[in-house]
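Structure for this input, please:
(one chain, ligands or ions: 1)
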Amino acid sequence: MATTRETLKVRPAPVSIHTECSTEALRQAVLNNLVYMQGRYQEIATPYDWYMALAYSVRERLLERWVETALTYAGHDVKVACYLSAEFLIGPQLGNNLINFGLEAAAREAMQGLGQDLDELMMLEEEPGLGNGGLGRLAACYLDSLATLQVPAIGYGIRYEFGIFDQEIHDGWQVEVTDKWLQRGNPWELAHPDICYYVNFGGHTEAYTDEQSRYRVRWWPAHKVKGIAYDTAILGYHVNTCNTLRLWKSQAVESFDFQDFNVGDYYGAVHEKVRSETLTKILYPNDEPEIGKRLRLAQQYFFVSCSLQDMLRLFDKKRENIERFPQLFAAQMNDTHPAIAVAELMRLLVDERLVPWDEAWDITQRTLAYTNHTLLPEALETWGLPLFGSLLPRLLEIIYEINYRFLEQVRQRYPGDDARVARMSMIDEGGEKRVRMANLATVGSHAINGVAALHSTLLKQTVLHDFAELWPERFFNVTNGVTPRRFVVLSNPSLTQLLHETIGDDWIVNSSHLRELENHVHDASFQERWRLVKRHNKEVLAALIRRRTGISVDPAALFDIQVKRIHEYKRQHLNALHVITLYARLRRNPGLDITPRCFIFGGKAAPGYRMAKLMIRLVTGIASVVNGDALIRDRLKVVFLPNFDVKSAHAVYPAADLSEQISTAGKEASGTGNMKFTLNGALTIGTLDGANVEIREEVGADNFFLFGLTTEQVNQLRTQGYRPRDYYERDDELREALDLIASGAFAGGDTDVFRPLIYHLLYHDSYFLLADYRAYVEKQAEVDRAFHDTSRWTRMSILNTARAGKFSSDRSIAEYCSTIWRTPPVPVQLDK
Ligand code: NBG
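Below is the predicted model:
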């Protein structure tokens, strides 16, 4: 019998201290948890103890809804959206949960009554850095929207013991420090050691015929690892829906240990345990070659296998025929990291459940869908055949079989077109043979999508061109979005208050209602309040910058901000060239009238990406020269804000006047930082790349600073032969800026440090900085003039927020739900 409310005999009586939301009940709960969870009493409690006590008190309140949500899903014929992602960059939880619950005021008051400041406690929270950047953060925004839209959903991923490294800056260079986020305990997760699965690795396979004369394959693994579920509650905004983020931690399989133990190899057994538990130790930074990362492939297979087994277990509880699986579960592959799901679902169905191949394939395709997040060739995952075959022998066989059947189809459709067959194969046969994960994901999916209109178009024209030609009906675009709960309500309370007083609160869940702001755009007193909000947010960021770097910046200056992973295609060094140009102008002409600007950079470079680290060194070098030059008199300030993460993002986006989105056209799949800035009233200077295109369409060309080559022009220039050095020769200011870097001016006279960077720009410049430099600098001059006209700038800023509604992740998720997953909302009633 399926679990329903009726079958549950004993339900705990609601105990007010665990569930009530009054200030007094919360205060009591915190005091209780201080003693019973933290083992402390008031007099000796540290601020961290108070944070933990409050976090536990909030979690208790979530639990009621969490349990009720699970019960609702179990008892009804609902379809669940499963988001498979190797990364979830969920950020700090306390503030977000308070807001979604509507508990913030009560918590603030309760803590005040206990002599604690809520904002200070929130600053103490260690955030789970379980992602690199946009891709992981997108997954987190999507979970927030799924819960808010009351859609049954589970996020499946990996519980990395060490998340993305902490970045420190020593002598201007990035230094990576281990992220020990679990060190002080994680009050938001619940371990469920009883929800666990076994995952095979290595060994060999054996074909045989069973008693009923069926062809079967047995996988004899060299070892097994156990995956344990750790759950985090994902509460929607002002609804009862509380979905689950389920992350898997690896553990040694006991029975294996015992075998060794019995033959006396105690140390061998312990070694095996350590090896198994290494699997989920660390998140791999992206932007580095995958070569040889056996552990990374093992991580991918591990979390995908646990997740699919979990979905099948949940399905079994419903006692349905397996052919109904795609009607009850949709699984989205977030990039190719979980692409092995195609082969693993086949294995689970064919090998373990004896479903005939064709039927299993139909189920697999109808269940799975794939989102592509990049066109950069170096970021498209492939695995060498020897590595793949030795780690996952059975999966490789299944991929061969899928590929064989698929290529037959291609041959029939395009007779004699061997080149096409070679391109579409799941195995790259040129050079060392490799498994192509994007091809596997595409063939195994009923829907494939890019993450912005331009990106989806380019995807069909380039990387997946042959597939789009074969199955045009399977290709979609879903433009990314960001959650307004975290990125406006939580991180920009002053703006939220102003919006509340001006247009009400409906925009928090109906983001198109932000348009109502347009009625106020010419209202001088509203403009003034708008400016005060921005001014306040800039003061908050200025204080953070001072604390972190010792640099003081003037909140009256134009805050020009670029925060994102450091990468050549994102072109932080183009931004740097502009800073140097302004600096050189002021040195030449100290009386020059320019708008005072504060340039703020933030972001991590992959530890093995030398050029990206050099770009950081360039920015810090420029910062120390410019900030220390008396002649500049504070007209320019340059800041590298260390360790950009979700928590610091809360202070950064609301404080920006200008958002830098200056990637080489065609390279940034979407971008999501661009949306966070726009929602918070920053203007964008940007190229026609990723979602910039749509942002500009929405806010209007007049309210967007566009510059640079288009994707087509970039490609044209490349084919016709790009000679960056020509731009250097022709443009005096560009030459001056590059020469200044080469002279060692930003490296204490050392002329070697930046040599690789200069050399690359002059002779290769794969990302067309020199070609875009002049247009960029001129557009920046326009920004300078526009900022002078305070009232115009304010109007533009208001319009950016007013017209950013499209970029709420609620819109993106509504599109995934209706066109790809077919998952209707299922509201949760609280049994009160
Ligand atoms: C990133 C893109 C961004 C995009 C995010 C989320 C990867 C592989 N891709 O442009 O670079 O916004 O995905 O879709 O991390």
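
use CA for all of it now, contacts and neighbours both
Noted.

quick one, what contacts the residue in the chain sticking out farthest from the centre?
Here the chain reaches farthest from its C-alpha mean at residue 211, the gap being 49.1 Å by CA atoms, centre = their mean. With CA atoms under 8 Å, 6 or more residues apart in numbering as the criterion, no residue contacts residue 211.

Where does it sit: helix, strand or coil?
When classified by DSSP: H, G, I helix; E, B strand; the rest coil, residue 211 comes out as coil.

can you pull the buried residues of stretch 507-527?
507-509, 511-518, 520-521, 526-527 (16 or more other CA atoms under 10 Å).

cool, and stretch 189-206?
So, applying 16+ other CA under 10 Å, buried residues of stretch 189-206: 189, 196, 197, 198, 199, 200, 201, 202, 203, 204.

which one of these is nearest residue 828?
residue 189 (21.7 Å; CA to CA).

and the helix or strand where residue 620 lies, C-alpha only, in PDB?
Using DSSP states H and E, residue 620 maps to helix 610-627. Once non-C-alpha atoms are left out, helix 610-627 reads as follows in PDB (Å, rounded to 0.1, in the frame of the first residue of the first chain):
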ATOM      1  CA  ARG A 610      48.000  30.100 -15.500                       C
ATOM      2  CA  MET A 611      46.700  32.900 -17.700                       C
ATOM      3  CA  ALA A 612      43.700  33.400 -15.500                       C
ATOM      4  CA  LYS A 613      45.900  33.700 -12.400                       C
ATOM      5  CA  LEU A 614      48.100  36.200 -14.300                       C
ATOM      6  CA  MET A 615      45.000  38.300 -15.000                       C
ATOM      7  CA  ILE A 616      44.300  38.500 -11.300                       C
ATOM      8  CA  ARG A 617      47.900  39.500 -10.800                       C
ATOM      9  CA  LEU A 618      47.500  42.200 -13.400                       C
ATOM     10  CA  VAL A 619      44.400  43.700 -11.600                       C
ATOM     11  CA  THR A 620      46.100  43.600  -8.200                       C
ATOM     12  CA  GLY A 621      49.200  45.200  -9.800                       C
ATOM     13  CA  ILE A 622      47.100  48.000 -11.300                       C
ATOM     14  CA  ALA A 623      45.300  48.500  -8.000                       C
ATOM     15  CA  SER A 624      48.400  49.100  -6.000                       C
ATOM     16  CA  VAL A 625      49.900  51.500  -8.500                       C
ATOM     17  CA  VAL A 626      46.700  53.500  -9.200                       C
ATOM     18  CA  ASN A 627      45.400  53.600  -5.600                       C
END
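
Report how many residues lie close to the closest residue to residue 27 other than its chain neighbours.
Leaving aside its sequence neighbours, residue 27 sits nearest to residue 110 (CA to CA, 6 or more residues apart in numbering; 5.0 Å). Close neighbours of residue 110, defined as other CA atoms under 10 Å, add up to 24.

Summarise which helices and strands the helix or strand that contains residue 110 is packed against.
Element membership of residue 110 [criterion: DSSP H and E] is helix 104-113. Here helix 104-113 touches helix 23-36, helix 94-101, helix 118-123, going by 3 or more CA pairs under 8 Å, 6 or more residues apart in numbering; DSSP states H and E.

Tell me what angle the longest helix anywhere in the chain forms with helix 104-113.
Scanning the chain for the helix with the most residues, using DSSP state H, yields helix 47-75. Angle, helix 47-75 to helix 104-113, by axes from the mean of the first three to the mean of the last three CA atoms, to 10 degrees: 150 degrees.

and helix 47-75, how far from the chain's centre?
24 Å (CA atoms, centre = their mean, to the nearest Å).

in that helix, what counts as buried?
48-66, 68-75.

got it, and stretch 420-440?
421, 423-428, 434-440.

then it to PDB, C-alphas only?
Extracted in PDB, the C-alpha atoms of stretch 420-440 (Å, rounded to 0.1, in the frame of the first residue of the first chain):
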ATOM      1  CA  ARG A 420      28.500  12.600 -40.700                       C
ATOM      2  CA  VAL A 421      28.400   9.100 -39.000                       C
ATOM      3  CA  ALA A 422      31.900   9.800 -37.600                       C
ATOM      4  CA  ARG A 423      30.800  13.200 -36.300                       C
ATOM      5  CA  MET A 424      27.700  11.900 -34.600                       C
ATOM      6  CA  SER A 425      29.200   8.800 -33.100                       C
ATOM      7  CA  MET A 426      29.400   8.600 -29.300                       C
ATOM      8  CA  ILE A 427      33.000   7.500 -29.800                       C
ATOM      9  CA  ASP A 428      35.600   9.900 -31.200                       C
ATOM     10  CA  GLU A 429      37.800   7.800 -33.400                       C
ATOM     11  CA  GLY A 430      40.300  10.500 -34.400                       C
ATOM     12  CA  GLY A 431      43.500  10.000 -32.400                       C
ATOM     13  CA  GLU A 432      43.100   8.400 -29.000                       C
ATOM     14  CA  LYS A 433      39.600   7.000 -28.900                       C
ATOM     15  CA  ARG A 434      37.300   8.900 -26.600                       C
ATOM     16  CA  VAL A 435      33.700   8.800 -25.400                       C
ATOM     17  CA  ARG A 436      31.800  12.000 -26.300                       C
ATOM     18  CA  MET A 437      29.500  12.800 -23.400                       C
ATOM     19  CA  ALA A 438      27.500  15.500 -25.300                       C
ATOM     20  CA  ASN A 439      26.600  13.100 -28.000                       C
ATOM     21  CA  LEU A 440      25.500  10.500 -25.500                       C
END
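
avg pLDDT for that stretch?
Averaging pLDDT along stretch 420-440 gives 96.

outside of it, which residues touch it?
So stretch 420-440 is contacted by 336, 339-340, 342, 380-385, 388, 399, 403, 407, 410-411, 466-467 (CA under 8 Å, 6+ apart).

mind listing which of those are in helices?
342, 385, 388, 399, 403, 407, 410, 411, 466, 467.

Now list the buried members of the residues you listed.
Buried, going by 16+ other CA under 10 Å: 342, 385, 388, 399, 403, 407, 410, 466, 467, out of the ones in helices among the contacts of stretch 420-440.

Could you give me the buried positions within stretch 356-374?
Under 16+ other CA under 10 Å, the buried positions of stretch 356-374 are 357, 360-361, 363-374.

and the residue in the stretch 651-800 of the chain that the ligand sits nearest to, how many neighbours?
The ligand sits closest to residue 671 of the stretch 651-800 of the chain, with a gap of 3.3 Å, by CA to the nearest ligand atom. Using other CA under 10 Å, residue 671 is surrounded by 25 other residues.

these two touch, right, residue 565 and residue 601?
No. With contact defined as CA atoms under 8 Å, residue 565 does not reach residue 601; the gap is 10.2 Å.

neighbour-wise, which of those two wins?
The neighbour comparison of residue 565 against residue 601 (other CA under 10 Å) goes to residue 601, with 24 against 20.

For that one, what is the enclosing helix or strand?
Judged by DSSP H and E, residue 601 forms part of strand 597-602.

farthest-separated two in the ones in helices among the contacts of stretch 420-440?
388 and 411 (26.3 Å).

hang on, the earlier thing: go through the helices and strands packed on helix 104-113 and name the closest to the ligand.
helix 94-101 (21.1 Å).

which strands and helices sit next to the closest one?
helix 47-75, helix 104-113, strand 223-235.

Kindly report the residues of this protein close to the ligand.
Proximity of the chain to the ligand, by CA under 6 Å from any ligand atom, involves residues 134, 135, 138, 373, 374, 451, 668, 669, 670, 671, 672.

Considering these, which possesses the most neighbours?
residue 670 (28 neighbours).
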